[in-house]
Every structure is written in C-alpha cells, then in structure tokens.
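Novice: let me see the structure of the following:
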Amino acid sequence: MPTTTPEKKLFLKERELGALLEITQAINQDHSEAALYRIFQFTLLGQLNIRRLVLYVKEEREWACMACFGAGLADFRKVELPSAITDTCNTVPCHLRDMLGLGPVWENLEIAIPVVQNGYVLAYVFIGNVYEDYAGEEATKFLQTLSNILVGAIENRRLARQRVASAAMRKEIEIAREVQTMLFPRTLPNDAAVAVHASYVPHTAVGGDYYDVVELDEGRVLFAVADVSGKGVAASLLMSNFQAGLRTLLRQKADLATVVHELNHLIFRNAGGDKFITVFFGLYNRATRELQYVNAGHNDPLLVPDSGPVQALRDGTIMLGVMDEVPMLNVGRVIVPPHSLLLTYTDGLTEVFDAAQNEFGEEGVLRVLRQTRYAPLRTIHSELLREITAFDQSGTGFADDVTILSCRFK
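Specialist: Numbering: from 1, shown residues only. All right, here's what the predicted structure looks like:
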C-alpha cells in the first residue's frame with residue numbers, strides 16, 4: 001500500500017469529518033429512512049470517494065438491500081444475502097475474497113463491514129474501491145463507525161415508533177376491556193322464582209364472549225350468552241354493537257323472533273359476513289314457567305330437571321351475521337319443572353383437551369353436573385372451572401374464553 005504523507009492524512013481526516021457532519025446533520029433534520037440511506041450513499045461517494053457500496057439492513061428478521069451503487073454491480077435488491085457472510089462475518093470487517101461460494105455477483109466488492117449493536121448484527125456495508133486513496137484498516141474502521149451511527153439512529157427511530165404503537169395498542173385494549181366490562185350486568189336476579197350466577201374467564205386481554213340478563217317486567221326475564229368470532233378490540237366493538245341493538249329491541253317490546261332477525265341484520269351490515277356471533281336467547285315467564293328460546297348456532301344449553309333426563313335446548317337457527325336473512329328460525333318452547341337447573345356456556349368450557357387430545361366436551365360438563373346438581377351455583381361454576389383446569393394435562397391452557405351462565409328455577 002502506498003505511503004500516506006502527513007498532508008494526505010490531514011486531507012483524509014477532513015473528508016471523514018465532512019462525512020460525519022453530513023450524516024449527523026441528516027439524522028438531526030429528521031429525514032425519512034429512505035432519505036437517510038440516500039444521503040449515506042452520496043456522502044460516501046462525495047466525501048470519501050467510495051465508488052462501490054452495497055448496504056444490507058435487517059428488518060423484521062429479514063435482510064434487505066437499502067443502498068446499492070457503483071460500476072459493474074448487479075441489482076442487489078434482488079440478491080439474497082449469502083449465509084457464508086452472515087454465518088462468519090459477525091464482529092469485525094471481513095475480506096470477501098476469503099469466503100467461498102459467493103459467486104460472480106460479489107466479485108466487484110472487497111470488504112464486508114458488520115454493523116453490530118448489543119451483540120447483534122443490524123447491517124452489513126459492502127465496499128468496493130476503484131481508487132486507493134481511501135483504503136486500509138483505518139478507513140474501514142471509520143466506515144464501520146459511520147455506518148453504526150446511521151443504522152443505530154434508524155433503529156432507534158424504529159424502536160421509538162414501536163413504543164408509540166405499543167402504547168397506543170395498550171390504550172386501545174384498555175378501552176376495549178372497559179367497554180366489555182360495561183356490557184356485563186352489574187347485578188343478577190335472585191328472587192322467589194329464579195337465581196342466576198355468571199362466570200367469565202377471558203383467554204386474552206379482550207375476549208369475544210358476552211352474557212346478559214335483562215328484567216323485561218315483573219314477570220319475564222331474558223337470558224343471553226353469546227360468542228363472537230375472533231378476539232380483541234374488533235370483537236369487543238362488535239359485541240358492544242350487538243348489546244346496544246339487543247337493548248333497543250327489548251325496549252321496543254319486540255318478540256324473540258323479531259329480536260333474532262333484527263340482530264342478524266345488524267351484524268351482517270356491520271361485519272359484512274366476515275364475522276359472526278353464536279348466541280342463545282332464553283325468555284322465561286315466571287307466572288307460566290314457560291321458557292321460550294332460540295339457539296343460534298351456539299353450544300346447546302342444558303336444562304337439568306329435578307328428575308328425569310337432561311334436555312339439550314337445540315331449537316333455533318344458524319349463527320347470526322353469516323347471511324342477510326336467518327333461515328328456518330324456530331322458537332323453542334319448554335315448560336320448566338320446579339327445581340330445574342339451566343346451564344348455558346360458551347365453547348371455551350368444552351373445547352379443552354388432555355394430553356391424548358381427548359376433548360372435555362359436553363360429557364365432561366354433564367359429569368360435573370351429576371356430582372354438583374344441588375350445590376350453590378357459584379360452587380357448580382367453580383367445580384367446572386377446576387375440572388377443565390385439571391383436564392388440561394398438557395398445560396397449554398384454555399384455547400378460548402370461558403363463560404358460564406346458570407339459572408336455578410325455584
């Protein structure tokens with residue numbers, strides 16, 4: 001390598017200082033990431049006489065070429081970064097001539113400079129010089145420092161955006177959770193005719209289950225248990241819309257069939273068929289002991305009499321929101337014997353699996369009911385939750401929200 005005179009060293013240091021100044025000014029002026037990569041490219045070309053450069057940056061765990069210029073170079077935006085580089089060049093600059101199997105596309109580049117932060121390689125700068133006036137170990141170290149400043153600034157911006165987005169998402173989830181909590185009734189009936197208890201165990205921060213109990217007048221009470229497809233904020237908002245529609249229809253004294261038809265229209269219009277809701281509605285008349293009900297694609301509620309077989313309440317229609325009109329709607333009717341128990345729930349209660357992939361299922365629910373039939377409702381719920389927790393021998397947890405709403409008819 002030719003001897004560098006003191007005058008030339010000073011000249012090169014001035015050029016390095018100019019390059020450093022340009023990069024730091026560009027960072028402080030809050031340019032876009034694409035603009036910063038272009039400024040980096042032009043700075044190396046103009047200040048340091050770097051004639052060939054390729055910059056790869058790791059984004060979303062994938063390597064992407066962000067800058068590429070120089071005579072005789074391929075379009076590296078279409079070239080995958082070889083594992084021969086990523087596996088071996090992780091700390092200090094590497095000479096490409098020492099690496100095997102890179103192929104002719106890399107022959108006009110000489111040095112790979114890893115940009116390392118906190119032990120991880122964030123970028124690679126590849127240099128190919130035509131002129132020898134800026135070459136050698138000192139030049140490579142400065143290029144590594146300059147690249148570190150640029151890539152580090154861009155990474156810090158990305159992390160800052162992620163923190164802002166995460167904070168916004170946390171706030172959104174917090175609001176959705178508050179909305180969901182407001183949907184649940186604050187008090188449940190417990191009088192001479194009925195006693196009601198509910199349990200809700202969300203699978204995620206914001207679940208898609210919903211239950212409601214509405215006193216229509218002194219003689220009638222409506223039960224509802226629903227499960228919206230999907231989870232999170234979108235599911236919570238759709239369920240909020242569903243509840244608002246339900247309460248409006250009940251204030252208008254709509255019958256059960258009308259309630260189902262109108263809510264189906266509401267969900268279909270708002271979700272466009274992309275989401276649906278399974279729901280069970282039960283309307284109990286304290287005076288006549290008649291329970292009218294509609295099961296819209298939901299898990300079959302279980303009516304357990306004081307004696308005799310358990311009755312699964314299946315009459316109804318398909319899930320709501322799938323079609324503009326619900327087909328073949330059938331409102332079920334049953335006279336409830338004294339001392340009967342009604343158990344309604346969402347599929348999170350039954351879709352629990354043991355290590356052999358056996359499902360807890362409706363049989364598991366019935367087994368617990370046979371053992372706890374006359375226990376307080378709170379105890380029945382606790383036993384059901386305890387049983388499915390024990391059944392989950394694999395320890396993977398529940399795959400969905402668990403909602404239980406039960407009613408004891410006196």
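Novice: quick check: domain ranges of this structure?
Specialist: Listed domain ranges for the chain are 6-162, 184-409 (source: automatic domain parsing).
Novice: give me the mean pLDDT for the longest one.
Specialist: This points to domain 184-409. The pLDDT scores in domain 184-409 average 90.
Novice: and that domain, how far apart are its ends?
Specialist: Terminal residues of domain 184-409 lie 21 Å apart, using Cα to Cα, to the nearest Å.
Novice: chain center to that domain: distance?
Specialist: The chain centre lies 25 Å from the centre of domain 184-409; the measure is Cα atoms, centre = their mean, to the nearest Å.
Novice: please apply the same query to the first one.
Specialist: Its chain's C-alpha centre lies 35 Å from the corresponding centre of domain 6-162 when counted by Cα atoms, centre = their mean.
Novice: put the alpha carbons of the helix or strand that Phe242 is a member of into PDB.
Specialist: Assessed by DSSP states H and E, Phe242 sits inside helix 232-251. Provided in PDB are the C-alpha atoms of helix 232-251 (Å, rounded to 0.1, in the frame of the first residue of the first chain):
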ATOM      1  CA  GLY A 232     -59.500  -8.400  20.600                       C
ATOM      2  CA  VAL A 233     -60.700  -4.900  20.000                       C
ATOM      3  CA  ALA A 234     -62.700  -5.700  16.900                       C
ATOM      4  CA  ALA A 235     -64.700  -8.500  18.600                       C
ATOM      5  CA  SER A 236     -65.300  -6.200  21.600                       C
ATOM      6  CA  LEU A 237     -66.700  -3.400  19.400                       C
ATOM      7  CA  LEU A 238     -69.000  -5.800  17.500                       C
ATOM      8  CA  MET A 239     -70.300  -7.200  20.800                       C
ATOM      9  CA  SER A 240     -70.900  -3.700  22.100                       C
ATOM     10  CA  ASN A 241     -73.000  -3.000  18.900                       C
ATOM     11  CA  PHE A 242     -74.800  -6.300  19.400                       C
ATOM     12  CA  GLN A 243     -75.700  -5.400  23.000                       C
ATOM     13  CA  ALA A 244     -76.900  -1.900  22.100                       C
ATOM     14  CA  GLY A 245     -79.100  -3.400  19.400                       C
ATOM     15  CA  LEU A 246     -80.500  -6.000  21.800                       C
ATOM     16  CA  ARG A 247     -81.400  -3.500  24.500                       C
ATOM     17  CA  THR A 248     -83.100  -1.200  21.900                       C
ATOM     18  CA  LEU A 249     -85.200  -4.100  20.600                       C
ATOM     19  CA  LEU A 250     -86.200  -5.100  24.100                       C
ATOM     20  CA  ARG A 251     -87.300  -1.600  25.000                       C
END
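Novice: and Asp306, helix, strand or coil?
Specialist: coil (DSSP: H, G, I helix; E, B strand; the rest coil).
Novice: with adjacent residues omitted, what lies nearest to it?
Specialist: The shortest distance from Asp306 to any non-neighbouring residue, by Cβ to Cβ, 6 or more residues apart in numbering, is to His339 (4.1 Å). (C-beta placed from N, C-alpha, C; glycine too.)
Novice: now for the closest residue to Gln117 other than its chain neighbours, how many residues are close by?
Specialist: In space, and not counting its chain neighbours, Gln117 is closest to Gly152: 6.0 Å by Cβ to Cβ, 6+ apart. Neighbour count for Gly152, taken as other Cβ atoms under 10 Å: 15.
Novice: Asn156 too?
Specialist: Neighbour count for Asn156, taken as other Cβ under 10 Å: 12.
Novice: helix, strand or coil: sort out it for me.
Specialist: Counting by three-state DSSP, the backbone at Asn156 sits in helix.
Novice: where does it land on pLDDT?
Specialist: Listed pLDDT for Asn156 reads 79.
Novice: how far away is it from Ile23?
Specialist: Distance, Asn156 to Ile23, by Cβ to Cβ, to the nearest Å: 14 Å.
Novice: then Ala139?
Specialist: In terms of Cβ to Cβ, Ala139 sits 16 Å off from Ile23.
Novice: comparing the two, which residue is more hemmed in?
Specialist: Each of Ala139 and Ile23 has its neighbours counted (other Cβ under 10 Å); Ile23 has more, 21 against 18.
Novice: show me what contacts the more buried one?
Specialist: Ile39, Phe40, Thr43, Leu146, Ile149, Leu150 (Cβ atoms under 8 Å, 6 or more residues apart in numbering).
Novice: still on that earlier bit, contact partners for the residue nearest to Gln117?
Specialist: Val115, Gln117, Leu122.
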